[in-house]
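Novice: Let's see this in three dimensions:
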Amino acid sequence: MRVRDIRGSKRALSAVIAAGTLLALSGCGKADMTKQSSPYANAAGAKTVTLSVQSWVGAQADVAVAEYLLDHELGYRVDKVQIDEVPAWDALSQGRVDAIMEDWGHPEQEQRYIKDKKTIVPGGDVGVTGHIGWYVPTYFAKKHPDVTDWKNLNKYADQFRTAESGGQGQLMDGSPSYVTNDKALVKNLDLDYKVVFAGSEAAQITQIEQFAKQQKPFLTYWYKPQWLFEKVPMTEVKLPEYKEGCDADPATIKCAYPHTPLQKYFNADFAKNGGDAAEFLKNFKWSEEDQNEVSLMIADKKMSPQDAAKAWIDKNESKWKAWLPK
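Specialist: Model prediction:
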């Protein structure tokens, strides 16, 4: 979600309505889990690939499909490491993991590890464009069309108040580990709002669904692609137009988040010596619709990532066959 560190999102988790179950599925959380790396990661000649699993469900869908095909079509054992975004770059550089399947843009890490140290190399587009923004439920936007312009947000602050936001309107964010510009935006745009962290994507989804069930208004940090839009239609609030470099200084930022083609990254040694696995992962590229289909099966239909991957693979042979090494 950027050209800056976002997803945190600048983040895409496993959305089961029970947040605890979702956390178990997605492995989200702030803990630095680099020490869970596979002893086989980056090992010369090993038929094992270690993939970093990010905490949002879109990235989990990427990994699930890649894992299934690496196993069943190419004969690799796949290890997975649950890890936050920035620590994942450190682990990738050190060879603790071989590949990150979905990154939303981390310029500082790209400069350090790709350009300076040359321990990480780009692995190509995922095929999906990510975008972070502020959203209100469409049922509220239809009643109050002007709410979709940030200049009118203060007019509705009292309707977005919660116990957590006190006398101000609430802008709901997800995990504190996600890097966002929201606190600076609220301050710099002089908005009568308080950023309140739900704690995780799972908890944020639960709150959004609860608000929607009761048809209550809410303002939330959210992102595309994300399967939840299919269950809770949301309309984006237009922030000041994004222009290259407008988010360079977090202290003065006053612009929207960019649209970012999501990227894969490989450990440099793995990219050079990873054989069929490296070639396959480089070729891996699918659409937002494909990713959302698998994400919805994992998050909403409560299928295991493996079963969701198999269901998609069984229906899309012509797509994944093109990813296999020639």
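
Novice: Where do the helices of the stretch 51-200 of the chain begin and end?
Specialist: 57-72, 85-93, 107-109, 138-143, 182-188 (DSSP state H, counting those that start in this stretch).

Novice: ok, which stretches of the stretch 1-150 of the chain are strands?
Specialist: Per DSSP state E, counting those that start in this stretch, the stretch 1-150 of the chain carries strands over the ranges 48-53, 77-82, 99-103, 120-137.

Novice: now for the ones you listed, which one comes closest to Asn283?
Specialist: strand 120-137 (8.0 Å; Cβ to Cβ). Every residue, glycine included, has its C-beta placed from N, CA and C.

Novice: Figure out how far that closest one is from the centre of its chain.
Specialist: 7 Å (Cα atoms, centre = their mean, to the nearest Å).

Novice: quick revisit: out of the helices of the stretch 51-200 of the chain, which is the most enclosed?
Specialist: The highest average neighbour count among the helices of the stretch 51-200 of the chain, using mean count of other Cβ atoms under 10 Å, belongs to helix 57-72 at a mean of 25.

Novice: Which strands or helices does that helix pack on?
Specialist: helix 19-26, strand 48-53, strand 77-82, strand 99-103, helix 275-283, helix 288-299, helix 305-315 (3 or more Cβ pairs under 8 Å, 6 or more residues apart in numbering; DSSP states H and E).

Novice: want to try TSV for the ones you listed, with distance to Lys118 and mean pLDDT as columns?
Specialist: TSV is the format used below for the helices and strands packed on helix 57-72 (distance: least, Cβ to Cβ, whole Å; pLDDT from 0 to 100):
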stretch	distance to Lys118	mean pLDDT
helix 19-26	32	34
strand 48-53	19	96
strand 77-82	22	95
strand 99-103	16	96
helix 275-283	16	98
helix 288-299	30	94
helix 305-315	33	98
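
Novice: Of all the strands of the stretch 1-150 of the chain, which one is nearest Ala299?
Specialist: strand 48-53 (14.5 Å).

Novice: Touching that closest one from outside, list them.
Specialist: With Cβ atoms under 8 Å, 6 or more residues apart in numbering as the test, strand 48-53 has contacts from 27, 37-38, 40-42, 59-60, 63, 66-67, 70, 76-83, 88, 91-92, 96-101, 274, 277, 281.
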